[in-house]
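Trainee: I'd like to go over a predicted model; first the sequence, then the structure.
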Amino acid sequence: MSILVNKNTKVVVQGITGREGLFHTEQMLEYGTHVVAGVRPGKGGEWVAGGKVPVFDTVSGALEATGANCAVIFVPARGATDAILEAGEVGIPLIVCISEGIPVQDMMRVRLFLDQRGVRLVGPNCPGLLTPGETKVGIIPGHIARPGSVGIVSRSGTLTYEVIHALSEEGMGQSTCVGMGGDPVHGIGFLEALELFEGDPQTDKVVLIGEIGGNDEERAAEFIADHMTKPVVALIVGQTAPTGKRMGHAGAIIEGGSGTAAEKMRALESVGVKVAGHPNEVPTLLT
Amino acid sequence: MKLHEYQSKQIFADNGVPIPHGRVAVTAAAAKEIAEELGGRVVIKAQVLVGGRGKAGGVRLVKSPGEAEEIATQLLSMQIKGLSVRRVLVDETASIRTEIYLGITNDRMTRRPVIVASGEGGVEIEEVARTSPERIVRVPIDPFLGLREYQARSVAARIGLDRDHWKAFGQICLGLYGAYSRCDATLAEINPLVITEEGRFLALDGKMLIDDNAMFRHPDLAELRDVDEEQPEETEARKYGLSYVKMDGQVGCMVNGAGLAMATMDLIKSCGGNPANFLDIGGGASSEKVAAALRIILTDANVRSVLFNIFGGITRCDEVARGILNALRTVTRPVPMVARLVGTNEEEGRRILASAKMDTALTLVEAAQKAVTLAMG
């Protein structure tokens, strides 16, 4: 078992003919992901990735022909909002949006639209999902991960890789790695991921990687206190970040004095979560 | 992106929000002229993108065009929190009966716009939130439907406005929402919104923050960006698609990924040093981009050592290493550097750096310790 994606997930790649889309399609195929289709308006009928993946003009065309049940989006920001809505409208149940730079007012409408249809979104501005040994939907480098029982959920990209790498080095494999993304309005968050990990028989422990901005970590702490029986270890970054400055991610900003790393660490520690000082401390705290 | 008061208020006015008569001036002579047009009694306000202008002496009431010229001269030569005052706004004065706070912002938790109002205007809303949270009214807005009149009426009633004012207040709320949604703002704020002795509403001060992700569809707003108000390094970084924030420590750092960059800064701190900056070179960084990043880091005279932390995924370590070498050729100031490269093509990357006699480290902790030691030495 795992959460969200497994070896049976059938993926359609939106924006498959772009530089990033094509590169990561090949990486996903190499990892063993079932990439069943690609979408690029105007290029329907072509085949890409060494003739392995058919391209369609629309998501509905791809869905009809292949039965894809997950969409991954590499469409640049200007078209990414539309790409998510298109996949949501035709009934793809899980959408992973890698693209960065979607305006936040668009995302507020997108989330509402998807919620009304019961569609799950991961991202945007995220590295996607990886269930080691089974499938990867996104851009997490597959070779650093090992199958195992630690679930990971993170607001970050390369910091997540760092933690995966540290765990694998210590012989701790992962059930599923969820990169939820760094935008202020996003799809799946800590709460949903924790709930799924709690219910997943393969997952024994969970690592939560947070950062400054918003109060997702504080709400996660409440959820952990009320609903989690599995141990959770956290890593919160941005202790040195100044107030009012956006630290790379659109959502990583301390506003009006709230959203600091210290508050988040306090909230998590107060419910018994061990908080790591740096990525390499995570495996130690899990044992 | 932050907009100046005068820019924000113009956008509010374009959306039907009443603002005082006034104009912006870059010279004292122009300020005098505007004061003459407005009848002599005016308020002169320094236009800088920081809060607390009033306390810093950047907002002054004057009684005549001559005094306006004198005060404008003073303001145009002053600095507020390190920023030079380059423009002043000259506005007509208002006789104030009531001060209101009114803002629209994005609520991350409910994922909706929210209208925030308080009968306690003229002070910072964070201050009101601390001292009398019960005096703040928040009403969530459906992002598909937008702000509705009944919602604005309910806000008016809950902040204690007389029924006579509900209609005018409602129009202002709708105008502010129009400005917020048309400009892709993350904040549109009037503080204070006043009711004058004559019973008229006026937006005396205004502030807007625009979503950087939405700039592609607002070329008109992009032109309003005031690069004089930014750290020059931050402007330069944006040109190369780098994300840079200047800080006041001694250890410069270059990292791929925002979260990892923050983790690196935190580790520098826990090793006893202080980070000089946040810098994310992004995914798949080219060697040109890396070279530009290093130049930007080294323009900061406080930097005593530089730490490179690259976790290669899409980004290739050898490409980054080549970029570092390229950049080193143009560096005139000798600063010790430590590199930690892990992931895609890490061995090739390390070999390239070894040929340049650069100090390398295998783990992040080791790299941070080395960089801090070098900065102290």
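Mentor: Received, thanks.
Trainee: so who does residue B:39 touch?
Mentor: residue B:92 (CB atoms under 8 Å, 6 or more residues apart in numbering or on different chains). Yep, even glycine has a C-beta here, placed from its N, CA and C like the rest.
Trainee: tell me the pLDDT of it.
Mentor: On pLDDT, residue B:39 comes in at 94.
Trainee: show me the contacts for residue 21.
Mentor: If you meant another chain, say so; for now it's chain A. Counting by CB under 8 Å, 6+ apart, residue A:21 has contacts A:13-15, A:38, A:74-75.
Trainee: meant chain B, my bad for not saying
Mentor: Contacts for residue B:21 were tallied using CB under 8 Å, 6+ apart; they are B:38, B:91-92.
Trainee: tell me the one among those residues nearest to residue B:369.
Mentor: Nearest to residue B:369, judged by CB to CB, of the contacts of residue B:21 is residue B:91 at 55.2 Å.
Trainee: residue B:28 - how many residues pack around it?
Mentor: 20 (other CB atoms under 10 Å in any protein chain shown).
Trainee: give me the secondary structure label for residue B:187.
Mentor: Under DSSP: H, G, I helix; E, B strand; the rest coil, the three-state class of residue B:187 is strand.
Trainee: pretty sure it sits against residue B:103.
Mentor: Yes: Residue B:187 is in contact with residue B:103 according to CB atoms under 8 Å; the separation is 6.6 Å.
Trainee: that's a helix at residue A:194, yeah?
Mentor: Yes: under three-state DSSP, residue A:194 sits within a helix.
Trainee: show me what contacts it?
Mentor: Here residue A:194 is in contact with A:153, A:206, A:208, A:220, A:223-224, A:227-228, A:232 (criterion: CB under 8 Å, 6+ apart).
Trainee: in strands, which of those residues appear?
Mentor: A:153, A:206, A:208, A:232 (DSSP state E).
Trainee: quick one: the least confident helix or strand in chain B by mean pLDDT near chain A?
Mentor: In chain B, no helix or strand scores lower on mean pLDDT, DSSP states H and E than helix B:125-131, which sits at a mean of 83. Yes: applying CB under 8 Å from any CB of the partner chain, one finds that helix B:125-131 is in contact with chain A at B:125-126, B:129.
Trainee: give me every residue that touches the residue of the stretch 51-200 of chain A found nearest chain B.
Mentor: Of all residues in the stretch 51-200 of chain A, residue A:156 sits closest to chain B, at 2.7 Å by CB to the nearest CB. By CB under 8 Å, 6+ apart, the contact set of residue A:156 is A:179, A:182, A:209, A:211, A:237, A:249, B:257-260.
Trainee: keep only those of those that are in strands.
Mentor: The strands, defined by DSSP E, take in A:179, A:209, A:211, A:237 from the contacts of residue A:156.
Trainee: and the second one, bridged to which residues?
Mentor: So that's residue A:209. With DSSP bridges as the criterion, residue A:209 is bridged to residue A:154, residue A:235.
Trainee: residue contacts, it?
Mentor: A:152-156, A:159-160, A:163, A:234-237, B:259.
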